[in-house]
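Peer 1: quick one, structure for this:
(one chain, ligands or ions: 2)
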Amino acid sequence: MFIDEIKVFAQAGHGGKGAVAFHREAYVTKGGPSGGNGGRGGDVILEVSHDLNNLIGQFFVPRLIAQSGQGGMGKGMDGLSGEDLVIKVPCGTMVWAMSKPEVDPSEESEDETELEDDPTLPTSHARSVIRSSSSGEVAKEYNLADGEESAPVVGTFVPEKGELIADLTKHGERFILCKAGRGGLGNRNFATSRHQTPRFAQPGEPGDEGNFLLELRIMAEVGIVGYPNAGKSTLLAAISHARPKIAAYPFTTLHPQIGILEYPDWHRLTVCDVPGIIEGAHLNVGLGHKFLRHIKRCKILIVLLDMAGTDAREPWDDYKKLLSELKFYDPSLLEKPRYVVANKMDEPVAESNLKKFKQKFRRVKVIPISAAFDLGIPAFKEFLRETVAEASEEE
Ligand SMILES: Nc1nc2c(ncn2[C@@H]2O[C@H](COP(=O)(O)OP(=O)(O)OP(=O)(O)O)[C@@H](O)[C@H]2O)c(=O)[nH]1
Ligand SMILES: [Mg+2]
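Peer 2: Residues are numbered from 1 along each chain as shown. Ligands and ions are numbered 1, 2, ... in the order given. Sure, this is the predicted structure:
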């Protein structure tokens, strides 16, 4: 199972309460207050680990509750602190705090309330878009209805997800999701010369808690998109150590796959192969287009086309449809450096198709390969390295 979005409830440990106690000992009269302090609770901490590739752990354990601190005791003994709960998450996890912000009723305009009553409109966010562009562009409507922003920064608020509070990208990085409560002070702390027998102590502070949405957006430099059966997984297997499932039926790949491409000088690139996209993916046809979130962070995009036109498809048609699906999902995807790779060049018809394609799209750079027969693969690897380096420099 591949989980890339999961809601969790997190609660840090409460602080233990301080004790009220008095010193008792033979021949010591009125020994004074001796209540110990309560221990601190444990924090809930997220730790990034590159050994994980999805949020499956949180699917099985969605309640992240850290230990509370122990209460203080007599004889001046302090309570033990609660242990921190450290949860490992994959690189590229975004944390959204789901609590709703307070809306000032005076700010809501009249015509907005009218729209709220209209049941034919999909979501509140989409409605505002429809209002601002009366042409009713489907693309815009979908993007914003998803609550997606192309590259949200910490502090961004999206109605469906809440506020982005962290974007965890580096291995080893730690983020305190919920802060623990402090322990209360025992009564021995409150003794003064004028009040020598305090019969009270502090309670412990409660730990923070809340509902959070963890969203994974895979960190990869190169993203491969294409129609089902174009040979995306075959290409990933040809250039990296990844061994994704390859088969002659559509939608073999159901989840994003990651491959590490290694060069002789130990330089590494991460490549992400996502499930096939087809026309109408934005309307949830095929596997939909939600998984495109995983190529949002890529530096370059590889549009893989089946130049042999298997299944009576036409590469130029595929190309146009793919671009329009990418645009429907997020127009900023089309701003990334993009290269067309023509696969299945071992097939006899591929050559003439490639010519036709080049005539139709004169300015598009096309790299011919055959992933299954290893034709053009070493050159393609070098090409990837150069273009990723260029894209990083530009960034
Ligand atoms: N002749 C030829 N066949 C290829 C080539 N590359 C891939 N294939 C075949 O195309 C079929 C689909 O390959 P996959 O790699 O599974 O395609 P995919 O794009 O990952 O497909 P989905 O995961 O379903 O989206 C398989 O039967 C491959 O053997 C190639 O270069 N030449
Ligand atoms: Mg595949």
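Peer 1: in the stretch 1-150 of the chain, which spans are helices?
Peer 2: Along the stretch 1-150 of the chain, counting by DSSP state H, counting those that start in this stretch, helices occupy 56-60, 110-117, 124-132, 138-145.
Peer 1: rank these by pLDDT, which is bottom?
Peer 2: Lowest mean pLDDT of these: helix 124-132, a mean of 32.
Peer 1: enumerate every residue touching the residue positioned nearest the centre of the chain.
Peer 2: For the chain, L216 is the residue whose C-alpha lies nearest the centre (Cα atoms, centre = their mean; 2.1 Å). By Cβ atoms under 8 Å, 6 or more residues apart in numbering, L216 lies in contact with I3, D4, E5, N54, L55, V89, P90, G92, T93, M94, H294. C-betas here are computed from N, CA, C, even on glycine.
Peer 1: greatest separation within those: which pair is it?
Peer 2: With Cβ to Cβ as the measure, no two of the contacts of L216 lie farther apart than V89 and H294, at 15.3 Å.
Peer 1: before we move on, the earlier item: tell me the most packed of the contacts of L216, by neighbour count.
Peer 2: For the contacts of L216, the largest number of neighbours (other Cβ atoms under 10 Å) sits with T93, at 26 neighbours.
Peer 1: what's opposite that one in the beta bridge?
Peer 2: Beta-bridge partners for T93, by DSSP bridges, are L168, L216.
Peer 1: pull the contacting residues for it.
Peer 2: By Cβ under 8 Å, 6+ apart, the contact list for T93 reads L46, V48, L55, D167, L168, L214, E215, L216.
Peer 1: so what's the fifth one up against?
Peer 2: The contact partners of L168, by Cβ under 8 Å, 6+ apart, come to L46, V48, V89, C91, G92, T93, M94, V95, F175.
Peer 1: of the residues you listed, which is the nearest to V158?
Peer 2: Looking across these and measuring by Cβ to Cβ, the closest to V158 is M94, at 10.5 Å.
Peer 1: give me the pLDDT for E394.
Peer 2: E394 carries a pLDDT value of 83.
Peer 1: returning to that earlier point: switch the contacts of L216 over to a markdown table; also include pLDDT and distance to G280.
Peer 2: A markdown table is the format used below for those (pLDDT from 0 to 100; distance: Cβ to Cβ, whole Å):
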| residue | pLDDT | distance to G280 |
| --- | --- | --- |
| I3 | 91 | 25 |
| D4 | 89 | 22 |
| E5 | 92 | 22 |
| N54 | 89 | 26 |
| L55 | 93 | 28 |
| V89 | 95 | 33 |
| P90 | 94 | 30 |
| G92 | 93 | 28 |
| T93 | 95 | 30 |
| M94 | 94 | 28 |
| H294 | 91 | 20 |
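Peer 1: out of those, who's nearest ligand 1?
Peer 2: Ligand 1 lies nearest to H294 out of the contacts of L216, by Cβ to the nearest ligand atom, at 14.1 Å.
Peer 1: now do the phi/psi pair for that closest one.
Peer 2: When read as degrees, to the nearest 10, the backbone of H294 gives phi -80, psi -10.
Peer 1: likewise for L164?
Peer 2: Torsion angles, degrees, to the nearest 10, at L164: phi -80, psi 120.
Peer 1: just give the closest residue to it, not the sequence neighbours.
Peer 2: Using Cβ to Cβ, 6 or more residues apart in numbering and skipping the chain neighbours, the partner closest in space to L164 is T156 (4.7 Å).
Peer 1: try G172
Peer 2: With Cβ to Cβ, 6+ apart, the residue lying closest to G172 is V48, at 6.4 Å.
Peer 1: pull out the buried residues from stretch 254-274.
Peer 2: Residues of stretch 254-274 classed as buried by neighbour count (16 or more other Cβ atoms under 10 Å): H255, P256, Q257, I258, G259, L261, L269, T270, V271, C272, D273, V274.
Peer 1: quick check: the fourth one vs G31, distance?
Peer 2: Relative to G31, I258 is positioned 66 Å away (Cβ to Cβ, to the nearest Å).
Peer 1: contacting residues around stretch 302-313?
Peer 2: Stretch 302-313 is contacted from outside by 222-227, 229-232, 235, 315, 318-319, 322-323, 338-345, 347, 349-350, 353-354, 357, 368, 384, using Cβ under 8 Å, 6+ apart.
Peer 1: chain center to stretch 372-390: distance?
Peer 2: 28 Å (Cα atoms, centre = their mean, to the nearest Å).
Peer 1: do it and ligand 1 meet?
Peer 2: Yes. Stretch 372-390 is in contact with ligand 1 by Cβ under 6 Å from any ligand atom, via A372, F373.
Peer 1: for that stretch, buried residues please.
Peer 2: Buried residues in stretch 372-390, counted by 16+ other Cβ under 10 Å: A372, L375, G376, F380, K381, F383, L384, R385, T387, V388.
Peer 1: the nearest residue to V8 once chain neighbours are set aside - how many residues pack around it?
Peer 2: Leaving aside its chain neighbours, V8 sits nearest to P62 (4.8 Å; criterion: Cβ to Cβ, 6+ apart). Close neighbours of P62, defined as other Cβ under 10 Å, add up to 16.
Peer 1: list the contacts of P62.
Peer 2: Residues near P62 by Cβ under 8 Å, 6+ apart: I6, K7, V8, F9.
Peer 1: which parts of the stretch 101-250 of the chain sit against ligand 1?
Peer 2: Contacts of the stretch 101-250 of the chain with ligand 1, taken as Cβ under 6 Å from any ligand atom, map to G226, P228, N229, A230, G231, K232, S233, T234, I246, A247, A248, P250.
Peer 1: which among the residues you listed end up buried?
Peer 2: Neighbour counting with 16+ other Cβ under 10 Å marks G226, P228, N229, A230, G231, K232, S233, T234, I246, P250 as buried within these.
Peer 1: what pLDDT, on average, does the helix or strand hosting S352 get?
Peer 2: Here S352, judged by DSSP states H and E, is contained in helix 350-360. Mean pLDDT, computed over helix 350-360, is 91.
Peer 1: now do stretch 229-249
Peer 2: 91.
Peer 1: contacts for that stretch?
Peer 2: For stretch 229-249, the external contacting residues (Cβ under 8 Å, 6+ apart) are 224-226, 250, 252-253, 257-262, 271, 273-274, 276, 304-306, 310-311, 318, 341, 343-344, 369, 371-372, 374, 377, 380-381, 384.
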